[in-house]
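**Student:** this one's sequence-less:
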């Protein structure tokens, strides 16, 4: 198989070593591997003959690569080799971190999964987006600390909010239905922030947006949400709103942060839509 391997050559040495181990396995098994920089990669120009695009990184790296494409229809099927911090897409699609198991996974004759592309203010969203304290936490993450300790950096950022807990009303319009909340989550898959679930009905191939909104997001409300996620409960709190829609608009009277796929994505207002194009996952 002709594989275009896309990654950031400036990532941490330990992650580059994992990618090098993957390349050795793939080439030993007879695959041809070409190397490309995730910051500049353009599929039709850089790998027109590739049969598989393998993005080695996390959810943010995948979002960057997809967002840089001039023609999504020209993308070959995509696989994600998980060397990021959270790796939601890899969890959703069952891509293992072990190089040998990953090679076996992409060689399996599985049907392609077509995932309609979500756009937030025009930029792609692959796994999740949110507005409220969750996004405020992401905005406060130290990239230097994240590089050293991984997901613990998100916990440190959340702790930093405890004494100045942000609570700003959000105005949400979902396909014309208007309501208010203090936190909103757009969920494209079962997993959120790791191996936890906020919406068991969400999946990458879903033809509509799945939205979870918390009318209040006090500290105890976020604790309740966390317990719901880590215990695998399928019964949401009766005050929470879960809606399906094709277009979502979120506004506020103050500059509330927004996150997409675990990275800061500006501030409200936000318009979230489903596009006519999508990504094919191997």
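**Tutor:** Perfect, thanks for sending it. Values in this document were obtained by computation on a predicted structure and should not be read as measured data.
**Student:** who's in contact with the nearest residue to residue 195 once chain neighbours are set aside?
**Tutor:** Of all residues not flanking residue 195 in the chain, residue 91 sits nearest, at 6.7 Å (C-beta to C-beta, 6 or more residues apart in numbering). (C-beta placed from N, C-alpha, C; glycine too.) Applying C-beta atoms under 8 Å, 6 or more residues apart in numbering to residue 91 gives the contacts 82, 189, 191, 195.
**Student:** Which secondary structure state does the closest residue to the first one other than its chain neighbours sit in?
**Tutor:** It stands for residue 82. Nearest non-adjacent residue to residue 82, counting by C-beta to C-beta, 6+ apart: residue 90, 3.6 Å away. Classification of residue 90 by DSSP: H, G, I helix; E, B strand; the rest coil places it in helix.
**Student:** Measure how buried residue 90 is and give me the count.
**Tutor:** 25 (other C-beta atoms under 10 Å).
**Student:** For residue 229, give its distance to residue 132.
**Tutor:** Look at residue 229 and residue 132: by C-beta to C-beta, to the nearest Å, they are 15 Å apart.
**Student:** Which one's more surrounded, the two?
**Tutor:** A count of neighbours by other C-beta under 10 Å puts residue 132 above the other of residue 229 and residue 132, at 27 against 18.
**Student:** The more buried one contacts residue 169, correct?
**Tutor:** No. In terms of C-beta atoms under 8 Å, residue 132 does not count as a neighbour of residue 169; the distance is 10.2 Å.
**Student:** Got the phi and psi for the closest residue to residue 236 other than its chain neighbours?
**Tutor:** Of all residues not flanking residue 236 in the chain, residue 242 sits nearest, at 6.1 Å (C-beta to C-beta, 6+ apart). Residue 242 adopts backbone torsions of phi -120, psi 120, taken as degrees, to the nearest 10.
**Student:** element containing residue 124, please.
**Tutor:** Assigned by DSSP states H and E, residue 124 belongs to strand 123-125.
**Student:** distance of the residue nearest to residue 195 from residue 249?
**Tutor:** 29 Å.
**Student:** circling back: neighbours around the residue nearest to residue 236, how many?
**Tutor:** 15.
**Student:** next one: the one 10 residues further on
**Tutor:** A total of 19 residues lie near residue 252 under the criterion other C-beta under 10 Å.
**Student:** need the contact list for it.
**Tutor:** Residues in contact with residue 252 (C-beta under 8 Å, 6+ apart) are 131, 168-171, 268-269.
**Student:** Go again with 6 Å.
**Tutor:** Residues in contact with residue 252 (C-beta atoms under 6 Å, 6 or more residues apart in numbering) are 168, 170, 268.
**Student:** any idea how this structure splits into domains?
**Tutor:** Annotated domains of the chain cover 2-110, 123-275 [automatic domain parsing].
**Student:** Out of those, flag the one nearest residue 282.
**Tutor:** Smallest distance to residue 282 across the domains of the chain (C-beta to C-beta): 4.1 Å, for domain 2-110.
**Student:** out of the contacts of residue 252, who's nearest residue 184?
**Tutor:** So of those, ranked by how close each gets to residue 184 (C-beta to C-beta), first place is residue 170, at 5.9 Å.
**Student:** Report how many residues lie close to the closest one.
**Tutor:** Applying other C-beta under 10 Å, we find 24 other residues in the vicinity of residue 170.
**Student:** same question, residue 162
**Tutor:** 8.
**Student:** And the closest residue to it other than its chain neighbours, what's its pLDDT?
**Tutor:** Distances taken as C-beta to C-beta, 6+ apart place residue 219 nearest to residue 162, at 7.1 Å, with adjacent residues excluded. Listed pLDDT for residue 219 reads 92.
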